[in-house]
Structures are given as structure tokens and as C-alpha cells.
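Enquirer: pasting the structure only:
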């Protein structure tokens, strides 16, 4: 087993398309923490059950700074004597046939899991010098001076730095890396557009099989969308919500094991994650039979108007919270109009009375994570001013629980959400997922065309 193997080295690899962008991101990180060693792990394999691991997904900050997705990888920025930092990637080298790892290690051996890049090949791809991660523990132990590490991804790395970092300093690093993703560059915007385009095709796939889902369950729809995600991307960006009937009133319904019935609504919240790990996040609420009932249409158009008000509020110089407030005010007005809550509208909004039926916030940042930049400081995120290059979702909804005695009986069990991914541009915004229809009549026509 140790001999008789051909040379498979790759010698002419081009850098990843995002390599220039990752270098600029590392430069921004270096400038923020001069003279400090910075350690950003990718994370390790995690056991699903017994000897079966979950599919590996590298930590977001690591991917953003390197473009790499290798388990056990670690990015280290060492302070340079003349200022700045020297960046190195520590990665698992290729499996050794001499010590038998190639065929003996079922978790990491290439005979079992497939070929990985050599350190020299990785250096060409990522534009960084690469070292054997097996030497990292000794390297970290020898270092002196201040250190920061992104915690929660690699216990071995944290143990090697035990006593040399503080929770407060490490949290500040996590916040900075989250805020570094608030404004997307051209590469990121392109990947998010790819994610949205694939997601549109996934929604079309689901509409085409609604009749088959009625004979099975919501799981059929989940599997249908997942096929598109795996064929065109890496995975789904989050657990798909395929919520039919009263399940649509449950914000995070991911069991997807309920019936799909004619005359009810399907709330489909799903997003394709690209092979570079950028994800879309899109929701449409569809009449299973192809046409809205009069009441469904009335409620749907109210959510559409609220979403349009929110989208209209997304522009450079606007406060981040503006789109949420615009959508919530409109829905508060609808609830007053329908007699569900007593006005005036401004009182309802000021007291937040509409939130019983609107539930969640109206959106969030989007990128490598579906809820991107989540560790950013409040003043940098929800209290910020929108800038070109930011990407966020606008997703108002109305949710009338099946047991809510405060609303007319015919409203109960109806949940509606419409969600799109909005890029802030120099002169306003662009709907990255706008290829999917939103108005009720447009949705019906679109569904009819897809179902023949």
C-alpha cells in the first residue's frame, strides 16, 4: 500500500476569483489590530452519530478572510517587525502513504474521503503561504505578545492559547469581523445574485410538483428545492420552511411533515447557498390550488403593500430601521381597517400592538450567513445608516394562529410572508430576487404557466 502510486501534484492552479478581495479584507483586519497576533479557525468535523460526521461547513469569518473551506484550517496573522502582519494558512497536508493515514484514517484519509490539495497547491489557490496544521500548536505556544482568537470553532486552538487571551478582547475581534462583512464587494454581490437566481429556479421546481406534494407531504417540496440547491450550489443556506396551511403561522416551521391541501396556502421560505457559501433568503406564499380565495387575496395584498413600503425605504443615507418601520406601520393600519385592533394607527404602532400578528422584525443583513453580521455592535448594524453594497432582506408578514380568538374565525390558520433580497445601490436599491413575481395576480399567472 505504501508504494506504486503516481504523482498527482497540480502545478498550474490559478488563484481563486475572490483571492484579491480576501487579501484586502485581511489588510483591513491587520490595520485594525497592529502588533497583535490574530487567530481565525475554520472549525473541526462534528459527529452526527457514532462514526458519522455532519457535512463540514467552515466558519464564516474564516471563509470571508481566506476563501478556503477546509476542516481544521486556521488563519494566523503574525505581527511583522516593520508593521502590518504576515498571514499564514495552517491546513491539513495531503494524506501520507508512508505512515498509513491515506487508508487507515476513515475521517481524514484520502482513500476514504477523497483527494485534498497539497500545501503548495493551496498556496496557489488562496494567495497565502500554507503550513502543516500539525505544527500549529507548537507555533502558538512559542509566540509572545497580545493575541486574539475567534472562539467557539476549534477547542484545540483555544487550549493552545489558554491564559493568553481574554473573553473581552476576543469578543471585540468577533464584532469587528462581523462588521467587516456589512458592505459587500463586487464578488460578493455577484455570488448573492447567483444564489438568488438559483433560488428562483428552485421555487419554480416546487410549483411544478405541488400536485405530487398533495399526494405526499411538505417533505416532497423540501426535497424538490434541495435538489436544485445541491445541483447548482453547495447546499441550502438554512433549513427550508415548507409550511402549508396553519403551519404557515409558525415562524420557523422546519419539520416539513404536514399535508399540502387544495384551498390552503403554502409559505415557502428557502435559499440556495452557492459553492462559495453565499446564500439567498427568499419567501413566497402560494395558493396550493393556483388561485387565492378572496380573503387570502385581501391579506396577501396587504403584506405585499407592506413589503413594497419597506423596499421603497431602502436607499443610501436611510436609517437601517426605516424599512422595518414603514412595513410595520402599514400593517398596523390594515389591522385597524379590518377591526382587529382599535386605532388610531399611530397609537397601535407606538404600543407595538400589531406585533401579535406580525411577530418578527422585517428583515436582516444577508451574505455568507443567512442572518449575516449578527455579532456586529448595535450602533454598527441596526442603528446604522445604509450604504451602497449592503444587502438585506425585506420580509413582512401576517400570522393568524389557528387558536387566536381575537381574530375572525376565517382568518385563523392563515400565515403570509413575502421576502426578497435587496441590494443598496448608489441611487436606491435593486431586488436581487425580483425575478419571482410578488403581486397576487402575477403569482397566479406564473403558477398557471409553470403547471401548464
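Expert: Perfect, I can see it now. It should be emphasised that the depicted structure is a prediction, and the values quoted were computed from it without experimental measurement.
Enquirer: Show me the helices in the stretch 101-250 of the chain, by range?
Expert: Per DSSP state H, counting those that start in this stretch, the stretch 101-250 of the chain carries helices over the ranges 101-104, 110-113, 119-126, 136-142, 155-160, 167-179, 186-208, 210-214, 218-232.
Enquirer: in the third one, what's buried?
Expert: Okay, so that is helix 119-126. 119, 121, 122, 123, 124, 125, 126 (16 or more other Cβ atoms under 10 Å). C-beta: built from backbone N, CA, C; applies to glycine.
Enquirer: My read is that the third one contacts residue 91, right?
Expert: In this case it means residue 122. Yes - counting by Cβ atoms under 8 Å, residue 122 touches residue 91, with 5.6 Å between them.
Enquirer: distance of the residue lying closest to residue 8 once chain neighbours are set aside from residue 109?
Expert: Nearest residue to residue 8 in three dimensions, chain neighbours excluded: residue 115, at 7.1 Å (Cβ to Cβ, 6 or more residues apart in numbering). With distances taken as Cβ to Cβ, to the nearest Å, residue 115 is found 11 Å from residue 109.
Enquirer: Between the two, point out the one with more neighbours.
Expert: Applying other Cβ atoms under 10 Å to residue 115 and residue 109 shows that residue 109 carries more neighbours, namely 17 against 11.
Enquirer: List the contacts of that one.
Expert: By Cβ atoms under 8 Å, 6 or more residues apart in numbering, residue 109 lies in contact with 95, 101, 102, 103.
Enquirer: And it, how far from residue 141?
Expert: 28 Å.
Enquirer: Walk me through the domains of the chain.
Expert: Domains of the chain are assigned by automatic domain parsing as 19-179, 186-451.
Enquirer: mind putting those in a markdown table, mean pLDDT and distance to residue 1 included?
Expert: A markdown table is the format used below for the domains of the chain (pLDDT from 0 to 100; distance: least, Cβ to Cβ, whole Å):
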| stretch | mean pLDDT | distance to residue 1 |
| --- | --- | --- |
| domain 19-179 | 95 | 6 |
| domain 186-451 | 98 | 33 |
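Enquirer: among the ones you listed, which is the most enclosed?
Expert: domain 186-451 (a mean of 19; mean count of other Cβ atoms under 10 Å).
Enquirer: roughly how far out does that domain sit from the chain middle?
Expert: 15 Å (Cα atoms, centre = their mean, to the nearest Å).
Enquirer: Equivalent analysis for stretch 80-92, please.
Expert: 29 Å.
Enquirer: Other residues contacting that stretch?
Expert: 26-27, 30-31, 34, 38, 66, 68, 70-79, 108, 116-117, 119, 122-123, 126, 128-136, 139.
Enquirer: now swap in stretch 208-218 and tell me
Expert: Outside stretch 208-218, the residues that reach it (Cβ under 8 Å, 6+ apart) are 206, 220-221, 224, 242-244, 247, 255-262, 266, 286, 288, 450-451.
Enquirer: Select, out of the helices of the stretch 101-250 of the chain, the one closest to residue 356.
Expert: helix 218-232 (25.6 Å; Cβ to Cβ).
Enquirer: Adding distance to residue 12, write the domains of the chain out as JSON lines.
Expert: Shown next, in JSON lines, are the domains of the chain (distance: least, Cβ to Cβ, whole Å):
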{"stretch": "domain 19-179", "distance to residue 12": "8"}
{"stretch": "domain 186-451", "distance to residue 12": "21"}
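Enquirer: nearest to residue 10, of the ones you listed?
Expert: domain 19-179 (5.1 Å).
Enquirer: ends of the closest one, how far apart?
Expert: 20 Å (Cα to Cα, to the nearest Å).
Enquirer: just stretch 233-253 next, same as before
Expert: Stretch 233-253: ends 23 Å apart by Cα to Cα.
Enquirer: in terms of contact, does residue 185 touch residue 21 like I think?
Expert: Yes - with contact defined as Cβ under 8 Å, residue 185 reaches residue 21; the gap is 5.2 Å.
Enquirer: what sits against the most centrally placed residue in the chain?
Expert: With the centre of the chain defined as its mean C-alpha position, the nearest residue by Cα atoms, centre = their mean is residue 370, 2.2 Å away. By Cβ under 8 Å, 6+ apart, the contact set of residue 370 is 237, 238, 271, 279, 281.
Enquirer: and it, backbone torsions?
Expert: Main-chain torsions, residue 370, degrees, to the nearest 10: phi -60, psi -40.
Enquirer: which ones are touching the residue nearest to it when sequence neighbours are not counted?
Expert: For residue 370, ignoring the flanking residues on the chain, the nearest one in space by Cβ to Cβ, 6+ apart is residue 238 at 4.5 Å. Contact analysis of residue 238 by Cβ under 8 Å, 6+ apart lists 271, 279, 281, 370.
Enquirer: and those as CSV, adding secondary structure?
Expert: Listed next are those as CSV, based on DSSP: H, G, I helix; E, B strand; the rest coil:
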residue, secondary structure
271, coil
279, strand
281, coil
370, coil
